[in-house]
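Asks: After the sequence you'll find the predicted model.
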Amino acid sequence: MFLVNFVYDDEELLEPYEWQEDDIYQEFHYLPIYRVHYQTLHDFLYGKLYIPKQKESIFIVGDGHYNVVIEMKKDVIYKRGTVTFQKRQQINEIIKTLPVTLFQYRILEEAYEKEYGLTRQERMKKICIEEVIDEIFVVHYELFQEICEQLNIHEESPSDQYLMLKHKIEKGYSSLHELLYKELIQKR
């Protein structure tokens, strides 16, 4: 049996350590499993794919190291899902014994790759911080200048300051992110 935690195609996949009680879970007794090349798996993870003749189906694709459950509706990926770590390992062992399947598909849109290692809450806070920085740079420039001053960002042009600030928060989640979240979002 497979317990699958689904997210819609425009949401980030949730790893088992990120699962919460109010997530969308479904149980399956059987799902077809396909082995694919790494690049194809990447497309399934980050692309909105159009796959002819896959009208409404649910299946698993993987490369032997990672796998994902795919739900199709009207030939397009509708939802993606993850399974528990134990089940993922069992599926990977099965995948290693299968021949490679070549899917004929077209990429309609691509999403950014997920930054692993962050909790769901940290990713959500980080997204808020990035959006607010974009907003204050355009709408509340004085506040943007204050933030840059506090963080010792002294670049020549405003656009260079903006890029430097974005670079500082690009990877991971640190005390800087938490400070910016408190200053820019919680105090609003």
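Replies: Cool, the structure landed. Worth saying up front: this structure is predicted, and the values here are computed from it rather than measured.
Asks: for the protein, what spans make up the helices?
Replies: Remark: helices assigned in the chain by DSSP state H are 38-46, 85-95, 120-138, 141-150, 158-168, 175-181.
Asks: CA atoms of the last one as PDB?
Replies: So the one you mean is helix 175-181. The C-alpha coordinates for helix 175-181 follow below in PDB (Å, rounded to 0.1, in the frame of the first residue of the first chain):
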ATOM      1  CA  SER A 175      19.400  34.500  11.400                       C
ATOM      2  CA  LEU A 176      19.500  37.100   8.700                       C
ATOM      3  CA  HIS A 177      16.300  35.700   7.100                       C
ATOM      4  CA  GLU A 178      14.600  35.600  10.600                       C
ATOM      5  CA  LEU A 179      15.700  39.200  11.300                       C
ATOM      6  CA  LEU A 180      14.300  40.400   8.000                       C
ATOM      7  CA  TYR A 181      11.100  38.500   8.500                       C
END
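Asks: average pLDDT for it?
Replies: Here helix 175-181 scores 86 as its mean pLDDT.
Asks: which residues sit against that helix?
Replies: The set of residues external to helix 175-181 that reach it, using CB atoms under 8 Å, 6 or more residues apart in numbering, is 122, 125, 126, 128, 129, 133, 147, 151, 168, 169. C-beta here means a position set from N, CA and C on the backbone, and glycine is covered the same way.
Asks: Buried residues in that helix, which are they?
Replies: Buried residues in helix 175-181, counted by 16 or more other CB atoms under 10 Å: 177, 180, 181.
Asks: right, so of the helices of the chain, which gets closest to residue 30?
Replies: helix 85-95 (12.3 Å; CB to CB).
Asks: And the closest one, what's buried?
Replies: 87, 88, 91, 92, 95.
Asks: Closest to residue 40 out of those?
Replies: residue 95 (12.5 Å).
Asks: Pretty sure the closest one sits against residue 63.
Replies: Yes - the pair residue 95 and residue 63 passes the contact test of CB atoms under 8 Å, sitting 7.2 Å apart.
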